[in-house]
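> Structure for the following, please:
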Amino acid sequence: MVFDFIVKVGGSLSEKPQALVRLCVTLAKVSESRGLLVVPGGARFADTVRSYDSMYRLKPETSHQMALLAMDQYGLLLSDITPGSKAVHHLEEAEKAVLSSLLPILLPSGLALMDPWLKPSWEVASDTVAARIAYLVGVKNLVLIKDVDGLFTEDPKINPAAAMIDYLSVDDLNLYKVDRCIDPQLPNALKEFGLICYVVNGLIPRRVEGVLMGRKAKCTRINP
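Next up is the predicted model:
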């Protein structure tokens, strides 16, 4: 298998340029010994689409396509600041990049628009797209890099006393009150595709490196 992990880089990290650059350097370093495929979030590009969607009441198919193109734009940004990376449009290109010792960053709009599983909806956002890509390439490990330590019982940005959850199952997500910094449809995707998902803080790159290298690191692990 060419890929060991699908790594989704959250758009929220783009608001902290120095931290994002450090993260990208870390991913480049890890890719020297692990097969990684990076999937971008939507960042402010997707926020702009949401704004126009609300303003003009766009058709779901239109906003879906625009949001996927927003992921492409963030992917281009990531490829520009990540050493030894290559922006790719297809999974075959991604495999060739890894075999050439390059870190592939997928621009997913073309692939996702042709996939009937990814139905037009704001509940199917970049986390779910990354999960679908993991399934398509036969990878069981999905790493969601965000600007929080993991999943919490409440939003830690609102309640600093909220408890972090180290481990839970997809069923636990549906049974208990858990602050969702993930797509609404992601739990269904994890269960259907049998993926193990890690939610980790990209503002602290050593934690991301720890997860990818199989070391103990602070994060939330979600089992299918």
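> all contacts plus neighbour counts: C-alpha atoms, from now on.
Noted.
> Could you list the buried residues of the helix or strand bottoming out on mean pLDDT in the chain?
In the chain, no helix or strand scores lower on mean pLDDT, DSSP states H and E than helix 170-175, which sits at a mean of 84. Buried residues in helix 170-175, counted by 16 or more other CA atoms under 10 Å: V170.
> how close does A87 get to D80?
For A87, the distance to D80 equals 9 Å [CA to CA, to the nearest Å].
> actually V39, sorry about that
To D80, V39 is 14 Å away according to CA to CA.
> Show me the strands in the protein, by range?
5-9, 36-40, 85-88, 103-106, 141-146, 151-152, 164-165, 167-169, 196-201, 220-223 (DSSP state E).
> outside of the least confident helix or strand of the chain, which residues touch it?
P187, N188, L190, K191, I222, N223, P224 (CA atoms under 8 Å, 6 or more residues apart in numbering).
> how many neighbours does the closest residue to the last one other than its chain neighbours have?
Think P224. Of all residues not flanking P224 in the chain, K191 sits nearest, at 4.6 Å (CA to CA, 6 or more residues apart in numbering). Counted with other CA atoms under 10 Å, residues neighbouring K191 total 16.
> List the contacts of L107.
Applying CA under 8 Å, 6+ apart, the residues near L107 are V39, P40, M71, D72, Q73, G75, L76, A87, V88, H89, H90.
> can we see that at 7 Å?
M71, D72, G75, A87, V88, H89 (CA atoms under 7 Å, 6 or more residues apart in numbering).
> swap in A134?
A134 sits next to I6, K140, L142 when contact means CA under 7 Å, 6+ apart.
> For the longest helix along the chain, the averaged confidence score.
Counting by DSSP state H, the longest helix found in the chain is helix 60-81. For helix 60-81, mean pLDDT is 98.
> and that helix, how far out from the chain's middle?
Counting by CA atoms, centre = their mean, to the nearest Å, helix 60-81 is centred 13 Å from the centre of its parent chain.
> Equivalent analysis for stretch 144-161, please.
With CA atoms, centre = their mean, you get 16 Å for stretch 144-161.
> again, but for stretch 165-175
Taking CA atoms, centre = their mean, the mean C-alpha location of stretch 165-175 is offset from the chain mean by 19 Å.
> May I see the buried residues of stretch 16-29?
Buried residues in stretch 16-29 (16+ other CA under 10 Å): A19, L20, V21, R22, L23, C24, V25, T26, L27, A28, K29.
> Pull the residues that contact that stretch.
Residues contacting stretch 16-29 (CA under 7 Å, 6+ apart): L13, S14, I81, T82, P83, G84, L103, G202, L203, P205, E209.
> So the fifth one versus V38, what's the distance?
With distances taken as CA to CA, P83 is found 13 Å from V38.
> These two: who's more crowded?
Using other CA under 10 Å as the criterion, P83 and V38 rank with V38 on top: 24 against 17.
> residue farthest from the centroid of the protein?
Residue farthest from the centre of the chain, counting by CA atoms, centre = their mean, is Y56 at 27.9 Å.
> okay but I196 is in contact with I222, surely?
Yes - if you go by CA atoms under 7 Å, I196 and I222 touch, sitting 5.9 Å apart.
> which of the two has more neighbours?
Higher neighbour count among I196 and I222: I222, with 24 against 19, using other CA under 10 Å.
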